[in-house]
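Asks: next input, structure requested:
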Amino acid sequence: MSWILGKVLNNPSLILWIAMASFVIGIVSGGSAAWTIQGWRIDAVQSKFDGFVSTTKALGDAAKIAADKAIAEDKLKKEKADHENATTVANLRAANKRLRDANSSISFLPTASAGSINPQRYCFDRSKLELSLQQLDAGVQGIVEEGDVAVINLNTAKQWAE
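Replies: Next comes the predicted model:
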């Protein structure tokens, strides 16, 4: 055996051939070990990915539950605000109607003087002027009421948004 070992050690090309054969045998037989190690890495990455997916799904479900709860609360707040808004607008319209009814018997024109020749007519037709002034007053009151309702709606929207 020492004779063979001596011959091998003295022959560099034979050492090279033995090294290359060992390398090839290591790759062929050890290749399955490399694939086993890569399989472990793949399993580790897959488990991390599965953990990420399950965590993300849990967070998404929790966010959906919180969003549904917030939507339900906002819906209740809106219904309450709409009810309060409708009540306030109804009270405003009732107050405006009371004021109009209270002033409906009052004439816009002063009474004619007792000594006038024709109390119905100075330089205008008294009844037509009175009717025109009443219509003007009703139109102005409608515009003012519309503005008041818009202000109430805006204030309700501001309160609801808070």
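Asks: okay, now the unreliable bits of this structure?
Replies: Along the chain, the parts satisfying pLDDT under 70 run over 1-11, 14, 22-36, 104, 108-123.
Asks: need the helices for this structure, in chain order.
Replies: Taking DSSP state H as the criterion, the chain carries its helices at 2-10, 12-103, 126-161.
Asks: most tightly packed of those helices?
Replies: When neighbours are counted by mean count of other Cβ atoms under 10 Å, the highest per-stretch mean among the helices of the chain falls to helix 126-161, a mean of 12. (Each C-beta comes from the backbone N, C-alpha and C, glycine too.)
Asks: from the chain's centroid, how far away is that one?
Replies: Taking the mean of its C-alpha atoms, helix 126-161 sits 34 Å from the chain's own mean (Cα atoms, centre = their mean, to the nearest Å).
Asks: and that helix, what does it pack onto?
Replies: Applying 3 or more Cβ pairs under 8 Å, 6 or more residues apart in numbering; DSSP states H and E, we find helix 126-161 packed against helix 12-103.
Asks: and the helix it packs on, what other elements does it pack with?
Replies: Against helix 12-103 (3+ Cβ pairs under 8 Å, 6+ apart) you get helix 2-10, helix 126-161.
Asks: and Leu16, which of the ones you listed is closest to it?
Replies: Each of the helices and strands packed on helix 12-103 was checked against Leu16 via Cβ to Cβ, and the shortest separation belongs to helix 2-10, namely 11.2 Å.
Asks: tell me the contacts of Ala81?
Replies: For Ala81, the contacting residues are Thr156, Ala157, Gln159, Trp160, by Cβ atoms under 8 Å, 6 or more residues apart in numbering.
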